[in-house]
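> Just need the structure, nothing else, for what follows:
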Amino acid sequence: FSFWRVGSVVMVPHDANDVLMEAAKLCKYCKKEDFSLGLFVAFFVAWIALRLVCFPLMVIRSTLLELPGTLGGRPAMYYVFNSLLLVLFVLHCYWFTLILRVVWLTLTTGETQDVREDDD
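Residues are numbered from 1 along each chain as shown. Presented below is the predicted three-dimensional model:
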């Protein structure tokens, strides 16, 4: 059903964000706080732009509205596929609340820490 094309498009915003997040964590572990903070800000902005704006407005909108015309109808996998994309978007929203907690802690304490992980 040519869903692999959508999968490739879904992968792009995720990979772009992952690089920034891992680079920020790497700088944090190397005690390069200024670089870590700058990369975290870039990650935060990229998260909003790619996962909370582009993903629903481009990818999900396209699969919901344009894909049936391309496929010539709505096969059974269409509903499963779009449901999973919507679940992924809900996860993005949940993860964004975790990111906001990190931002809040950074602004109030002046120290960046991962709210998901225990101390190493």
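> from the chain's centre, how far out does the lowest-mean-pLDDT helix or strand in the chain sit?
For the chain, the helix or strand with the lowest mean confidence is helix 67-71, at a mean of 81 (criterion: mean pLDDT, DSSP states H and E). Here helix 67-71 is found 26 Å from its chain centre; the criterion is CA atoms, centre = their mean, to the nearest Å.
> same question, stretch 19-36
Going by CA atoms, centre = their mean, where stretch 19-36 is centred and where its chain is centred differ by 18 Å.
> C-alpha coordinates for the least confident helix or strand of the chain, PDB please?
These are the backbone C-alpha positions of helix 67-71, laid out as PDB (Å, rounded to 0.1, in the frame of the first residue of the first chain):
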ATOM      1  CA  LEU A  67      -3.600   9.100   1.000                       C
ATOM      2  CA  PRO A  68      -7.100   7.800   0.200                       C
ATOM      3  CA  GLY A  69      -6.900   9.600  -3.200                       C
ATOM      4  CA  THR A  70      -3.400   8.100  -3.900                       C
ATOM      5  CA  LEU A  71      -4.500   4.600  -2.900                       C
END
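> Report all helices and strands that that helix contacts.
Packed against helix 67-71, as judged by 3 or more CB pairs under 8 Å, 6 or more residues apart in numbering; DSSP states H and E, are the following elements: helix 76-109. C-beta coordinates here come from the backbone N, C-alpha and C atoms, glycine included.
> just checking, what packs against the helix it packs on?
Taking 3+ CB pairs under 8 Å, 6+ apart as the contact definition, the neighbouring helices and strands of helix 76-109 are helix 3-29, helix 33-46, helix 67-71.
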